[in-house]
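Asker: make a model of this:
(one chain, ligands or ions: 1)
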Amino acid sequence: MIVGIDLGTTNSLIGFFQDGQPQLVRNVHGDFSTPSVVSLDDEGRTLVGLTARERASTHPGRTAQGFKRWMGTDRTLRLGTRDFRPEELSALVLQSLKADAEALLGEPVTEAVITVPAYFNEAQRRATRTAGELAGLTVERLLNEPTAAGLAYGLQERSEHSSFLIFDLGGGTFDVSVLEYFEGVVEVRASAGDTRLGGEDFVQSLGRLFVERCDGLAPAEREALLQGGAWWRAAEQAKRDLSDADRAAMALVHQGRRIECTITRADFEAASAELLQRLRRPIERALYDAKIDVASLDEVVLVGGATRMPMIRQLTTRLFQRLPLRTIDPDLAIAQGAAVQAGLKARDAALAEVVLTDVMPYSLGIVASQQVGDALVADRFSPIIERNTPVPVSRIGVYSTVVDNQKSIRIDIRQGESPLGSENLALGVLDVEMPPRRAGEATLEVRFTYDANGLLDVDARETTSGRITNTLIHNTSTQMDAAAIASALERLALLKRHPRDEEENRYLLERAKRLYEDRLGEERTALQAWMAQFEAALNTQDARTVRTARQEFRQALDSIDSGFRF
Ligand code: AMP
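Answerer: Residues are numbered from 1 along each chain as shown. The predicted structure is shown next:
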């Protein structure tokens with residue numbers, strides 16, 4: 001069975017295709033969404049998902065979240081005394097999803113389709129594949145998230161030529177893509193986005209608003225409060241409340257004092273004006289690159305949890321002059337699409353043959369010198385494949401020496417849109433020896449081949465001898481090489497996992513501890529008592545006693561906590 005996985009910044013989901021439809025898998029808590037959070041407990045055991053999320057405020061130094069943002073970089077995150085690469089943390093999330101699917105299916109799961117933002121670059125895509133490998137999964141395909149959304153909304157089932165715009169505002173990223181379906185081929189015509197813009201930024205804006213608005217705080221205290229991050233949970237909850245109500249109460253305990261204030265939806269929207277403005281540019285760019293105007297789009301689809309905010313619905317209705325489609329739960333659409341793609345990969349009989357083609361999200365080229373009049377200008381970006389070219393694609397750029405008897409040409413491979421080579425993302429360097437010739441007479445053909453998974457191969461052919469110097473980019477510094485992957489696999493194998501069957505008990509205890517930190521007075525006393533009672537029940541090791549106590553404990557916690565799960 002091939003599974004489809006939405007590996008999200010905030011939440012991750014897993015599904016598969018069966019009985020003619022995508023099916024999503026529930027985790028041990030009964031939820032489809034597993035928070036993409038990892039925590040290490042005092043015994044060195046890893047906790048993933050809801051329980052880890054509860055520990056984010058009580059054990060911030062032992063808990064990591066938001067690491068999808070660091071995929072493709074060398075940044076490590078420290079949990080206790082151990083450093084983890086983002087690929088390793090993602091692998092722990094993938095393993096947890098894999099275990100949920102295996103528990104449901106009763107068979108090992110080894111192959112997966114994993115979704116990535118269309119805007120993910122080369123390094124980020126490679127890192128996602130590595131995460132899959134570390135989790136024991138063969139990544140059959142990396143699927144762009146908007147394509148997954150298009151599949152979930154049945155773009156491929158339309159009989160005629162149609163075009164969809166997918167507007168995806170998730171926890172940490174924003175993607176806009178124009179998809180086209182024509183005669184069995186789903187093509188991403190263009191994608192644009194912002195890898196640093198998502199629902200989380202709206203939480204930050206609410207957090208700042210809260211700290212600015214609440215009374216009785218000295219300026220230094222406001223700063224400390226903002227830096228501390230204790231406001232996060234209250235702000236996240238308020239953001240959700242403001243999706244359904246005109247105002248939301250925000251409260252938190254700071255240095256033994258309860259700080260509270262009410263934020264209105266209008267205040268929140270005014271404070272988010274700049275973020276809304278930032279959403280426009282990728283939309284314009286995607287439409288421009290796809291050479292399509294708003295009126296010619298057949299559907300506009302909203303996905304990503306953050307599109308639940310009324311201001312996003314208003315903005316998109318206004319910009320696209322229509323009501324966008326939102327029939328599938330925006331948190332589930334991408335995972336459902338990944339499951340459809342898994343079905344396509346497995347050639348499920350219920351699915352008509354569909355070919356997916358994607359575009360390359362960035363321009364790829366090299367840094368070159370350019371002759372301008374008499375002068376030789378260095379550091380120009382020379383694109384070989386322009387952004388939004390359908391993939392797979394192979395293109396050649398021809399370069400020649402600029403000085404007499406130049407011994408070699410350095411191919412500095414870059415990705416991006418800046419006219420200055422050095423401002424674009426460095427992917428690798430290739431040095432090619434050149435025969436002694438007068439300037440301009442020795443030439444080099446540089447071929448870029450970009451495959452359907454968004455991976456790049458570069459080879460350079462020196463034209464006099466026909467010698468191909470190299471075909472692989474080796475030195476993307478952010479990439480894990482085979483030895484690094486092998487040692488990460490070993491490290492991960494040695495990590496102890498928190499037992500699955502004790503997960504719910506552990507979650508309730510961590511939630512109680514988090515509530516204890518948040519609350520004061522009588523509520524604290526009650527929490528102490530409930531925790532003691534539950535621990536006593538656990539110590540009896542009697543299954544029935546534990547089950548009854550767990551139910552009571554959960555109800556008690558729900559009575560003082562809204563019980564929201566995010
Ligand atoms: P995703 O990455 O698609 O799972 O989206 C997660 C983002 O959606 C997070 O920033 C959530 O805070 C946000 N989100 C989820 N539910 C709501 C809601 N009811 N109102 C506003 N934002 C929400």
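Asker: most remote residue from the middle of the chain, which is it?
Answerer: Within the chain, residue 438 marks the point farthest from the mean C-alpha position, 49.8 Å out by C-alpha atoms, centre = their mean.
Asker: can you tell me the SS state at that one?
Answerer: Here residue 438 is recorded as coil under DSSP: H, G, I helix; E, B strand; the rest coil.
Asker: next up, phi/psi of it, please.
Answerer: Here is the backbone geometry of residue 438 (degrees, to the nearest 10): phi -70, psi 160.
Asker: could you find the closest non-adjacent residue to it?
Answerer: For residue 438, ignoring the flanking residues on the chain, the nearest one in space by C-beta to C-beta, 6 or more residues apart in numbering is residue 404 at 5.3 Å. C-beta: built from backbone N, CA, C; applies to glycine.
Asker: can you verify the one you found is assigned to a strand?
Answerer: No: counting by three-state DSSP, residue 404 is not found in a strand; it is coil.
Asker: check the gap between it and residue 462 for me.
Answerer: Residue 404 is 17 Å from residue 462, where distance means C-beta to C-beta, to the nearest Å.
Asker: what does residue 306 give?
Answerer: From residue 306 to residue 462 the distance is 50 Å (C-beta to C-beta).
Asker: tell me which of the two has more neighbours.
Answerer: Per other C-beta atoms under 10 Å, whichever of residue 306 and residue 462 has more neighbours is residue 306, with 27 against 19.
Asker: care to break the chain down by domain?
Answerer: The record's domain split for the chain, according to automatic domain parsing, is 1-153+328-359, 158-327, 364-466, 500-560.
Asker: buried residues in the host helix or strand of residue 536, which are they?
Answerer: According to DSSP states H and E, residue 536 maps onto helix 521-540. For helix 521-540, a neighbour-count test (16 or more other C-beta atoms under 10 Å) marks 526, 527, 530, 531, 534, 537, 538 as buried.
Asker: what does the stretch 1-150 of the chain have sitting close to the ligand?
Answerer: Applying C-beta under 6 Å from any ligand atom, one finds that the stretch 1-150 of the chain approaches the ligand through 8, 9, 10, 11.
Asker: most surrounded residue in those?
Answerer: Greatest neighbour count in these, by other C-beta under 10 Å, goes to residue 8: 27 neighbours.
Asker: residue 168 is in contact with that one, correct?
Answerer: No: the criterion here is C-beta atoms under 8 Å, and residue 8 misses it with residue 168 at 10.6 Å.
Asker: residues shared between the contacts of these two?
Answerer: Contact with both residue 8 and residue 168 is made by residues residue 334, according to C-beta atoms under 8 Å, 6 or more residues apart in numbering.
Asker: excluding chain neighbours, give the residue nearest to the residue in the stretch 201-350 of the chain that the ligand sits nearest to in space.
Answerer: Nearest residue of the stretch 201-350 of the chain to the ligand, counting by C-beta to the nearest ligand atom: residue 305, 2.3 Å away. Leaving aside its sequence neighbours, residue 305 sits nearest to residue 331 (C-beta to C-beta, 6+ apart; 5.0 Å).
Asker: show the contacting residues for the one you found.
Answerer: Contacts for residue 331 (C-beta under 8 Å, 6+ apart) come out as 11, 13, 32, 33, 304, 305.
Asker: which residues touch the fourth one?
Answerer: Contacts for residue 33 were tallied using C-beta under 8 Å, 6+ apart; they are 11, 12, 13, 331.
Asker: repeat for the first one
Answerer: Under the criterion of C-beta under 8 Å, 6+ apart, the contact partners of residue 11 comprise 33, 34, 35, 36, 171, 305, 331, 566.
Asker: ok, now the second one?
Answerer: With contacts defined as C-beta under 8 Å, 6+ apart, residue 13 is in contact with 5, 6, 24, 25, 32, 33, 34, 97, 331, 332, 334, 335.
Asker: PyMOL command to pick out the buried ones of those residues?
Answerer: Entered in PyMOL, the line below selects the buried ones among these, by 16+ other C-beta under 10 Å:
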select buried, resi 5+6+24+25+32+33+34+97+331+332+334+335
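Asker: just put the contacts of residue 13 in TSV and tack on secondary structure and pLDDT.
Answerer: Formatted as TSV, the contacts of residue 13 follow (DSSP: H, G, I helix; E, B strand; the rest coil; pLDDT from 0 to 100):
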residue	secondary structure	pLDDT
5	strand	98
6	strand	97
24	strand	98
25	coil	98
32	coil	97
33	coil	96
34	strand	98
97	helix	98
331	coil	92
332	coil	96
334	helix	96
335	helix	97
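Asker: closest point of the stretch 351-500 of the chain to the ligand, which residue?
Answerer: Counting by C-beta to the nearest ligand atom, the stretch 351-500 of the chain gets nearest to the ligand through residue 361 (18.5 Å).
Asker: residue 124 is in contact with that residue, correct?
Answerer: No: judged on C-beta under 8 Å, residue 361 makes no contact with residue 124 at a distance of 10.2 Å.
Asker: neighbour count winner among the two?
Answerer: Using other C-beta under 10 Å as the criterion, residue 361 and residue 124 rank with residue 361 on top: 27 against 22.
Asker: that one: what's it in contact with?
Answerer: 118, 119, 120, 121, 191, 192, 193, 387, 388, 454.
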